[in-house]
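1. okay, here's the prediction I keep looking at, along with the sequence it came from:
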There are 2 protein chains.
Amino acid sequence: MAKDRKIDVVILGLLSHEDLTGYDIKKRIDGAISFFWKGSFGSIYPALNAMEQAGQISKYEADDSGSRKKILYHITAKGTKVLKRWLNEEQASNELKYETLLKLYFGGVEAPETTVHNIDIFEENIKEELEVLKMYEKNLKKEKDNSDHKHFLLTVMFGIETYEAYLRWCVKARKMLKN
Amino acid sequence: MAKDRKIDVVILGLLSHEDLTGYDIKKRIDGAISFFWKGSFGSIYPALNAMEQAGQISKYEADDSGSRKKILYHITAKGTKVLKRWLNEEQASNELKYETLLKLYFGGVEAPETTVHNIDIFEENIKEELEVLKMYEKNLKKEKDNSDHKHFLLTVMFGIETYEAYLRWCVKARKMLKN
DNA sequence: AATTTGATATATCGTTTTGATACATTATGA
DNA sequence: TCATAATGTATCAAAACGATATATCAAATT
């Protein structure tokens, strides 16, 4: 990640749907895409400035008087080109940092009950997040069919498929640890 | 991550199994645990120095003459305490950065063929990695049963379960994109 | 025998990202 | 009324990334 800023394409992608403020971008990242990507203000705001300088996005102040000042960002033709180029690149790095698995892998130094407890916590979290994803899916299936909609639905389906696999594994793992 | 160095527990965990050099640690991270954790020299070596200063690990030079100089690290009682404390902490952050899903989510700005192609690449990579995991599983099932062994097997089983879920999703997704 | 290649081994550097925090405004609601 | 939650922009130290520098040693190639 030390070479090309990955947050750039996240921002460009979100701006390809609608104009947003830095705060909005953070909200979008924390929303529907949070289960497969994360991002913080500390990376968003500097990236917005750099990308504006590079001409990939343009900024303007919201004219709705009465409300507080907002800096809205809009994707430019140049930015769209960058986004499309990225979409057509062959390589894609899929990195996960699963602390639960790390605790599992090194769990041998503690009693089996500790590992079982950690699996319980994991299972509970996944069950909660699965409910959220299923709600997203339900809402997406209601909506009119358009190109973006289909892509949103597919990411949610990915989440559901994998989360259900996680839950199946939890049952197996507990059984194995309890002999 | 800006507060507690996560690489620390990875190092402590690996050192709880055996004494290792910084280079060895990198190899272990790139090996069996690579599918759920990553780590670079740029984080490993500074962490080793800091942890040695903190008394969590101790270092010594390899005495096997004829070979080149190596700095081996050994976990101390203090380090074991830190590792065990971490294992018993309730929270665990499971973060993934799935560029494939990011490309899928924003795929609406390009032709469906682009997204299908990206899924094809993903599928191929997963199939390859799945073969590696199945080989690990086969070898682990042959080995004698001990506490650590069981934990290693469970992480591999997690990988297999989720990778198979990924592959099922790939088939579904392609079908949906081709209408 | 000489040379190249690749693995081993330690270390650092610039860039990116994180997680926390600072600061200020507006809306909610007890 | 007053607290507190949400909105909004911004920065900072610490951590991690990815690349690179440097050097040794074994194995393979010429």
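-> Yep, it's here.
2. residue A:35 touches residue A:161, doesn't it?
-> No - taking contacts as Cβ atoms under 8 Å, residue A:35 lies outside contact range of residue A:161: 12.0 Å. C-beta here means a position set from N, CA and C on the backbone, and glycine is covered the same way.
3. which of these two has more residues huddled nearby?
-> residue A:35 (24 against 20; other Cβ atoms under 10 Å in any protein chain shown).
4. list the contacts of the more buried one.
-> A:129, A:133, A:159, B:96 (Cβ atoms under 8 Å, 6 or more residues apart in numbering or on different chains).
5. any chance of CSV for these, columns secondary structure and neighbour count?
-> Formatted as CSV, these follow (DSSP: H, G, I helix; E, B strand; the rest coil; neighbours: other Cβ atoms under 10 Å in any protein chain shown):
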residue, secondary structure, neighbour count
A:129, helix, 17
A:133, helix, 23
A:159, helix, 23
B:96, strand, 16
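6. show me which of those is closest to DNA strand C.
-> residue B:96 (10.5 Å; Cβ to the nearest atom of the strand).
7. wait, that closest one sits on residue A:100?
-> No - using Cβ under 8 Å, residue B:96 makes no contact with residue A:100, being 11.9 Å away.
8. tell me where chain A has strands.
-> For chain A, the strands defined by DSSP state E occupy A:57-61, A:71-75, A:94-98.
9. show the average pLDDT along the second one.
-> The average pLDDT for strand A:71-75 rounds to 97.
10. ok so, going back, for residue A:172, which of the strands of chain A is the nearest?
-> strand A:94-98 (16.6 Å; Cβ to Cβ).
11. contacting residues around that closest one?
-> B:6, B:35-38, B:93-100, B:122, B:125.
12. pairing partners for that strand, with directions?
-> Sheet pairing of strand A:94-98 (DSSP bridges) gives strand B:94-98 (antiparallel).
13. about what we covered before: out of the strands of chain A, flag the one nearest DNA strand D.
-> Of all the strands of chain A, strand A:71-75 comes closest under Cβ to the nearest atom of the strand, at 3.5 Å.
14. now do that closest one against strand A:57-61, angle only.
-> Orientation check (axes from the mean of the first three to the mean of the last three Cα atoms, to 10 degrees): strand A:71-75 against strand A:57-61 gives 150 degrees.
15. quick one: buried residues of strand A:71-75?
-> By 16 or more other Cβ atoms under 10 Å in any protein chain shown, the buried positions in strand A:71-75 come out as A:72-73, A:75.
16. can I get the residues you listed in TSV with distance to residue A:168?
-> Formatted as TSV, those follow (distance: Cβ to Cβ, whole Å):
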residue	distance to residue A:168
A:72	44
A:73	42
A:75	41
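17. next, count neighbours for the nearest residue to residue A:17 once chain neighbours are set aside.
-> If the residues on either side of it in the chain are set aside, residue A:17 comes closest to residue A:148, at 6.8 Å by Cβ to Cβ, 6 or more residues apart in numbering or on different chains. Neighbour count for residue A:148, taken as other Cβ under 10 Å: 14.
18. I'd say residue A:148 and residue B:108 touch.
-> Yes - the pair residue A:148 / residue B:108 is scored as a contact, 3.9 Å apart, by Cβ under 8 Å.
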